[in-house]
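Trainee: sequence-free structure coming up:
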């Protein structure tokens, strides 16, 4: 058990991440996690294009304009951009040195292992304040109540 509270993924976010990983195999997929920081909840997973020129089989890159679009989508939903996800084709769902070198603080990082096009382990990570490593965070799938802003927008 980690020292952090559990990160809760909505069933829809969980399904989107797994489907995106399978669809882009053997390349890495990537996307944004939209939800609430406290409590730690991912309401929506937003697939983003992997624009790396280093080879999408082992790397991913999110363009600044895609990052801004994810922030805008979160804001329009009355939520926040709280992190990112990506896949590791035919590798464990553990951060690489490359992931560590490019991570930003105060964001959740979900990594999905995809083995022979089948989604496998999904794990959540949090960058330490000193940027020396990631700590694993427990993750669960559960129903998440909409925010009052989201509920108002849906009914109006």
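Mentor: Noted; the coordinates are in hand. As the structure is a prediction and not an experimental result, all values here were calculated from the model.
Trainee: those helices in this protein, which residues are they?
Mentor: Using DSSP state H, the helices found in the chain span residues 11-24, 64-76, 97-102, 148-155.
Trainee: Give the buried residues for the second one.
Mentor: Of the residues in helix 64-76, those buried by neighbour count under the rule 16 or more other CB atoms under 10 Å are 66, 70, 74. Every C-beta, even on glycine, is put in place using the N, C-alpha and C of the backbone.
Trainee: Any stretches of the protein with poor pLDDT?
Mentor: Applying pLDDT under 70 to the chain picks out residues 1-4, 56, 146-156.
Trainee: go again using 90 as the cut-off
Mentor: 1-6, 38, 51-59, 61, 143-156 (pLDDT under 90).
Trainee: Find the residue at the geometric middle of it.
Mentor: Compute the mean C-alpha point of the chain, and by CA atoms, centre = their mean the closest residue is residue 85, 2.7 Å away.
Trainee: Compute the distance between the closest residue in space to that one that isn't next to it in sequence and residue 60, please.
Mentor: Leaving out its chain neighbours, the residue that sits closest to residue 85 by CB to CB, 6 or more residues apart in numbering is residue 110, at 3.9 Å. In this view, residue 110 and residue 60 are 13 Å apart by CB to CB, to the nearest Å.
Trainee: still on that earlier bit, how about TSV for the helices of the chain, with distance to residue 117 added?
Mentor: What follows is the helices of the chain, written out as TSV (distance: least, CB to CB, whole Å):
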stretch	distance to residue 117
helix 11-24	6
helix 64-76	24
helix 97-102	22
helix 148-155	34
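Trainee: can you tell which of the ones you listed is closest to residue 52?
Mentor: helix 97-102 (10.5 Å; CB to CB).
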